[in-house]
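Asker: compute the structure for the input listed below.
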Amino acid sequence: MRQLLLLRHAKSSRDDPALDDFNRPLAERGLKTAPLIGRELAAHAWLPDLALVSPALRTRDTWRLVAAELPMHPRSVFAEALYDASAADIMSQIRLADPSDGCLLVVGHNPGLEDLAKQLAGSGSEAKARKRLEEKFPTAALARFVFDRDWFGLTSARLTHFLRPRDLSQ
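Answerer: This is a model prediction of the structure:
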């Protein structure tokens, strides 16, 4: 069984209007919620073999804070194609994953990440998780999918969890 974890970057700051979108840092709230997600990954043993991360500052910082909470350090690839990516662009990157990787984490942006999650959530998805996903994919939210085919053949999967920072103990 393979796992795909889709993580939207944590809350970013818009305090400095001189910064372009790519270089926006995490806000205070983002600095607090990203480690919560990392602890949740560790607690459930949802440990990625590979993390595909958008190279934007807020996604890199989110990944750094999440990874610091994991018991091991997965391989990381900062993929230019994930910045401001559509659902199709993100799926193209996922399909390039090594067949030996059983768990893949993608740290990216909306709307592409949310669109992909909604497209992937197939039959057998957990009803409560699917309802939360349909409402909104907020910052630092995590969608967990499981499926039994290879990365290249991924078209739909079972959504098992949709975790939002507000649902986690702080």
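Asker: what stretches of the protein score poorly on pLDDT?
Answerer: 169-170 (pLDDT under 70).
Asker: what residue of it is the furthest out?
Answerer: Relative to the centre of the chain, and counting by Cα atoms, centre = their mean, the farthest-placed residue is residue 18 at 27.4 Å.
Asker: and that residue, which of the three is it?
Answerer: coil (DSSP: H, G, I helix; E, B strand; the rest coil).
Asker: so residue 148 is in contact with residue 2, correct?
Answerer: Yes - counting by Cβ atoms under 8 Å, residue 148 does reach residue 2; the two are 7.0 Å apart. Bear in mind the C-beta positions are built from the backbone N, C-alpha and C, glycine included.
Asker: more crowded one of those two?
Answerer: Comparing residue 148 with residue 2 by other Cβ atoms under 10 Å, the one with more neighbours is residue 2, at 19 against 9.
Asker: who's in contact with the more buried one?
Answerer: Residues in contact with residue 2, defined by Cβ atoms under 8 Å, 6 or more residues apart in numbering, are 102-104, 146-151.
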